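Participant: need a structure here:
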Amino acid sequence: MFYQPQLRDHGLRHDPFKALVVPRPIGWISSLDAAGRPNLAPYSFFNAMAADPPVVVFGTSLRPRETARKDSQANIEATGEFVVNLATEALKDPMNASAASLPAGSDEFVHAKLATVPSRLVKPPRVAASPVALECRHLQTVELPCDNPGRANYAVFGQVIGIHIDDGLIVDGKVDILRCRPLARLGYMDYTVVDSVFAMDRPA
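Facilitator: Predicted structure coming up:
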């Protein structure tokens, strides 16, 4: 089949685009609002964009029924800081709970029954149970095209200035990511777990 996204002429029950660009890491973003209240939310449009210095990005949208940007974006733009916590199979239920639409100012850590630990270089807390956390400084927010009137799309970029890794993940000087089984987003309501890896040498 072939379809044009702008025409939505795929003829399927659901747009398949997000089921094709997979698997996508989950950016489990913790931030503080201007009043110092914590927020935690997962974003499936997330990835690393550069390595030197390390830069991450997550995508967020404004829907017609919403009158303000998502709390994570608003908080990051107001304070300049955030943390990316690694979502793992063991944390799938609290990760999902933190995606609930709660009133502004609500504490998703409390809602998802998650303990926090302080960060080193930024003010937002980390998810205590997460084996990896990236402390980030906001670089810029880019407004992206949007075909739907009343909506908006944004990409929020952050420079990673501090990295926490559970010592139990390090084996022979390398991170053994299989020890924590990271979650990844597929299409629709589907997820997967990283539970196998293989290596290939890059051609000369």
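Participant: Give me the residue ranges of this protein where confidence is low.
Facilitator: Within the chain, the stretches with pLDDT under 70 are 64-67.
Participant: what residue is smack in the middle of the chain?
Facilitator: What sits nearest the mean C-alpha location of the chain, by CA atoms, centre = their mean, is Gly27, with 1.4 Å.
Participant: for that one, what are its contacts?
Facilitator: The contact partners of Gly27, taken as CB atoms under 8 Å, 6 or more residues apart in numbering, are Pro42, Tyr43, Ser44, Phe45, Phe46, Val56, Phe58, Val84. Just so you know, the C-beta spots here come from the backbone N, C-alpha and C atoms, and that holds for glycine as well.
Participant: Quick check: ChimeraX command selecting the buried ones in the residues you listed.
Facilitator: One line in ChimeraX is enough to select the buried ones among those; burial here means 16 or more other CB atoms under 10 Å:
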select :42,43,44,45,46,56,58,84
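Participant: Tell me how far Gly27 lies from Asp15.
Facilitator: Distance from Gly27 to Asp15, counting by CB to CB, to the nearest Å: 21 Å.
Participant: picking up where we left off before, what's the closest non-adjacent residue to the residue nearest to the centre of the chain?
Facilitator: Of all residues not flanking Gly27 in the chain, Phe46 sits nearest, at 3.1 Å (CB to CB, 6 or more residues apart in numbering).
Participant: contacting residues for that neighbour?
Facilitator: Contacts for Phe46 were tallied using CB under 8 Å, 6+ apart; they are Arg24, Pro25, Ile26, Gly27, Val56, Val57, Phe58, Gly59, Val84.
Participant: Quick check: longest helix in the protein by residues?
Facilitator: Longest helix in the chain by number of residues (criterion: DSSP state H): helix 71-79.
Participant: Now Glu108: phi and psi?
Facilitator: phi -70, psi -30 (degrees, to the nearest 10).
Participant: isn't Ser30 right next to Asn85, touching?
Facilitator: Yes: using CB atoms under 8 Å, Ser30 is in contact with Asn85, at 6.1 Å.
Participant: tell me, what's touching the two both at once?
Facilitator: Leu40, Arg126, Val127.
Participant: Strands - which of these land there?
Facilitator: Leu40, Arg126, Val127 (DSSP state E).
Participant: Nearest to Leu91 among the residues you listed?
Facilitator: Distance to Leu91 across those (CB to CB) is lowest for Val127, with 7.4 Å.
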